[in-house]
Every structure is written in structure tokens, then in C-alpha cells.
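**Q** got a predicted structure here, sequence first:
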Number of protein chains: 2
Amino acid sequence: MPTAKRAAKKAKKRAAPKSLALRKALQPRRVSETVIDLGVLNRHLGYFVRRLQIWIFQDFIRTLSPIDISPAQFSVLVVIGANEGLSQSELATTLGIERARLVRLLHLLEKRGLTQRLPSSADGRRHALRLTRAGQTQLRQAQELAAQHEEALKPRLGGERYRLLLETLRDF
Amino acid sequence: MPTAKRAAKKAKKRAAPKSLALRKALQPRRVSETVIDLGVLNRHLGYFVRRLQIWIFQDFIRTLSPIDISPAQFSVLVVIGANEGLSQSELATTLGIERARLVRLLHLLEKRGLTQRLPSSADGRRHALRLTRAGQTQLRQAQELAAQHEEALKPRLGGERYRLLLETLRDF
DNA sequence: GGACATTGTTGACCTGGACAACAATTGCCG
DNA sequence: CGGCAATTGTTGTCCAGGTCAACAATGTCC
């Protein structure tokens, strides 16, 4: 089962407990007890960044589930599209992933007919990465869906907070 | 091999490429070509949040490697310490992890003698979670190291940026 | 020419997230 | 009161990702 579909299914499951929480709120039996202290986690940036990252990725996966593109696959397609002919090593370094991991990502994308590895004319060790026609088409669709995801993010984060976060993180 | 030690070893490995990058910078052969465009990733908050989260966690793991406490374990210990007697379900919900995942985390912490599961008097299904004496000691040490990690984070992010991020994310 | 570095690749291991199924217990409602 | 649904903790299983080691092919440098 593809990742995206499982994620979508999960999102549906996640929606269910909300009604339960609501019911509890309407019938406050011992709800007052359930206010739980985060302790020193409140002083740790990593905790909140982690929660935010998971939350964003879940929405991303859900939004792109129709074309079954994961965040990692998306980033690979985008960077290849913006830098045709770059090597796997360069790509891996840019995205901060291991060469070994990238090999497997490309293996899958190539099997889906979205990318190709051409021999580099100058350096026999390198591969020049390119998008196929299908890959370019897929990337366009993915970017459109990803843009929808990003737009949906803004109001849920608060437009001002979104702008602040993106600016703060981008130039880091 | 424990997670923390492997992470520490890796951190050492990560340090090596820096000198290579330096050498390249000093001998600009075709370095000008290696400026790679992130494309539309520049417009996606999730990408930067992900990079930041990985970066922070790596430093956290490295800093707490002497006592071999992972971020997940740390969060579990902290919240139990701040809310003695809470149930696994409450803890899992609070931390945003699955009950099934928490079971395994607690299994390990209990084997290390840091936590214990007491039968809940009121509800036969629940466990009341507590720290052992050893767990309290370990938590204190962990919090001290975690505070060091957090302090080290500030200058590397920029003090103002750190403050801004923590405030922005905490009240979300 | 030969030592050394880089590149892509494969195999292997481990952590975490996710889901399903289950037993024990509790709550609820007719 | 009795049975049905919900909750809680647990186990098994699968998959994605991170990490490391080793390797062959190729390139670089002295």
C-alpha cells in the first residue's frame, strides 16, 4: 500500500477522536484533571519544532496523496527540475540526505518514469540527473498541490506567524 | 550499539567533510557551478522546519549521549515527572505519539529502572506512571544536559531568532 | 604509475510512525 | 441486571528514513 494512501486513511481515523473529545467537553466528568503539564519541554525549541514539522508533513502528504508524492520525493523532483544535470552527490548534499538514501529514492522515481540518470560527459563517475517529460508534468502537478498545501497552512498558523516563521528560517 | 553513541560517532564523521569543503573553497576549480537552486522549496515552510528539527535533534542527541537519553525518552521522563500518576493514554495524547509506541518506550525505561507502572486504584484498565528514585535522578541529569543543549542553541541560531521562534511556536 | 579521493551502489541494521487485532476492564442504557 | 460499546494497554506487523560499512569504477595529484 502506497504511503500516501495509508496516510490519508490515517487522517480519517484521526478525525474520529475529535468528536469524542467534544463529547467529553460537553459532559465534563473528570476533564479538569486532564490538563497535563509539559514541564521543562516548554523551554525547549526542539519539542515545538518537532511537533510543527510532523503536523506540516501530515498535511503535505494528505494534500499530495492523489499523485502519491512524498515530501522527500517532492524535494528531489524540485531540485532536479531547477538544476538539470546535477550529480547525485550534489543533490544529496543540498537536501541534507545520504547518498545511499538518494540512490533508493532515484531508483523508485526512475521506475515510475519521472527521472533519468545520464552519463556525465566530463566525469565518468557522475550521473547527470534529469526529469523526463512525464517527470516535468508530474512536478508541475506536485507544485500546484504543494502550493495549495502551503496556502492552507497560512490561516491555520496565522498569516503573520507564517510569514514570520518562513522569513526567520529561510535566511538561516 | 546504543543510539546515542552511534550518533556521537556520526557527528565526528560529519565534521570531516567540512575540511574538504574548505579545501575546495581555497582551490576554486569549478566551485562556481556548485551553487544549487532550491527552486520552490524556498517557498515551503515545511522544508526549513524539517531541516531545523533534524539539526536540533542531532545536537540534543549528542549532548545527552553520556546518559543515553533520546529526545523521545526525555519527553516521556519530563512529563511523567511533572504529572505523577498519569495514564499511558494521557501521556501518549499529550506527546502526540501512539499508545503502541509509548508502550515500547516505557518497556525500555522500565527495564532501565527509571519508570514504573502502578495499578490505578480507580480504574483497572489504567496504569499510574511514576518515576523511580533512579528515574528522578536521571531526569535531573537529563534536564541539566538538555539545558546546556538549549543554551548552545541560542548563539548558533542567533539569540533574537531563538527567542522569536520559541515564542512564536509555544503559543500555537 | 601509483596512492588517494570521489561517486554511485548495495547490504545491513535500527528507530519511529502507523495500523490492526486482542484481552481486560469500565460505562452505559434499555 | 445484562449485554453492548468504549477505553486502555499490549503485541505483531509493515513501511519509511537515517546510518554505517564496504565495494567497484573513475578521477586527481604527486
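**A** Yes, it's here. It should be emphasised that the depicted structure is a prediction, and the values quoted were computed from it without experimental measurement. Numbering: from 1, shown residues only, chains lettered A, B, ... in the order given.

**Q** helix/strand/coil for A:Arg130?
**A** Under DSSP: H, G, I helix; E, B strand; the rest coil, the three-state class of A:Arg130 is strand.

**Q** ok, now which ones touch it?
**A** Residues near A:Arg130 by CB atoms under 8 Å, 6 or more residues apart in numbering or on different chains: A:Ile80, A:Glu84, A:Gly85, A:Thr115, A:Gln116, A:Leu118. C-beta here means a position set from N, CA and C on the backbone, and glycine is covered the same way.

**Q** repeat for A:Val103
**A** Residues counted as contacts of A:Val103 (CB under 8 Å, 6+ apart) are A:Gln88.

**Q** low-confidence ranges, chain A, go.
**A** Residue ranges of chain A with pLDDT under 70: A:1-34.

**Q** for it, what spans make up the helices?
**A** A:3-26, A:45-63, A:71-82, A:88-95, A:99-111, A:133-157, A:159-170 (DSSP state H).

**Q** related to what we said a few turns ago, in strands, which of the contacts of A:Arg130 fall?
**A** Judged by DSSP state E, the contacts of A:Arg130 include A:Thr115, A:Gln116, A:Leu118 as members of strands.

**Q** for DNA strand D, give me its nearest residue in chain A.
**A** In chain A, the residue found nearest to DNA strand D is A:Gly124; the distance is 2.4 Å by CB to the nearest atom of the strand.

**Q** for that residue, the count of nearby residues, please.
**A** 7 (other CB atoms under 10 Å in any protein chain shown).

**Q** again with A:Leu45
**A** Counted by other CB under 10 Å, the residues lying close to A:Leu45 total 21.

**Q** next up, the contacts around the residue nearest to A:Pro66 when sequence neighbours are not counted.
**A** Excluding its sequence neighbours, the residue lying closest to A:Pro66 (CB to CB, 6 or more residues apart in numbering or on different chains) is A:Leu145, at 7.2 Å. A:Leu145 sits next to A:Thr63, A:Leu64, A:Pro66, A:Ile67 when contact means CB under 8 Å, 6+ apart.

**Q** quick one: which of those is nearest A:Ala100?
**A** Distance to A:Ala100, by CB to CB, is smallest for A:Leu64 among those, at 24.6 Å.

**Q** check the gap between that closest one and DNA strand C for me.
**A** 15 Å (CB to the nearest atom of the strand, to the nearest Å).

**Q** nearest residue to A:Ser120 other than its sequence neighbours?
**A** Going by CB to CB, 6+ apart, A:Ser120 has A:Arg126 as its nearest residue, at 3.8 Å.

**Q** isn't the one you found up against A:Leu86?
**A** No - A:Arg126 is not in contact with A:Leu86 according to CB atoms under 8 Å; the separation is 9.2 Å.

**Q** A:His127: neighbouring residues, count only.
**A** By the measure other CB under 10 Å, the count of residues near A:His127 is 18.

**Q** check whether it really touches A:Gln88, as I assumed.
**A** Yes - counting by CB under 8 Å, A:His127 does reach A:Gln88; the two are 5.9 Å apart.

**Q** identify the contacts common to these two.
**A** With CB under 8 Å, 6+ apart as the test, A:His127 and A:Gln88 both reach A:Arg117.

**Q** which residues touch the spatially most central residue of chain A?
**A** Taking CA atoms, centre = their mean as the criterion, A:Pro71 is the residue nearest the geometric centre of chain A, at 3.1 Å. Residues near A:Pro71 by CB under 8 Å, 6+ apart: A:Phe57, A:Phe60, A:Ile61, B:Gly46, B:Tyr47, B:Arg50.

**Q** so A:Asn83 makes contact with B:Asp37?
**A** Yes - the criterion here is CB under 8 Å, and A:Asn83 meets it with B:Asp37 at 5.5 Å.

**Q** and these two? which has more neighbours close in?
**A** Between A:Asn83 and B:Asp37, A:Asn83 has the larger neighbour count (other CB under 10 Å), namely 20 against 14.

**Q** quick one, what contacts the more buried one?
**A** Neighbours of A:Asn83 in contact, by CB under 8 Å, 6+ apart: A:Glu90, A:Leu91, B:Ile36, B:Asp37, B:Gly39.
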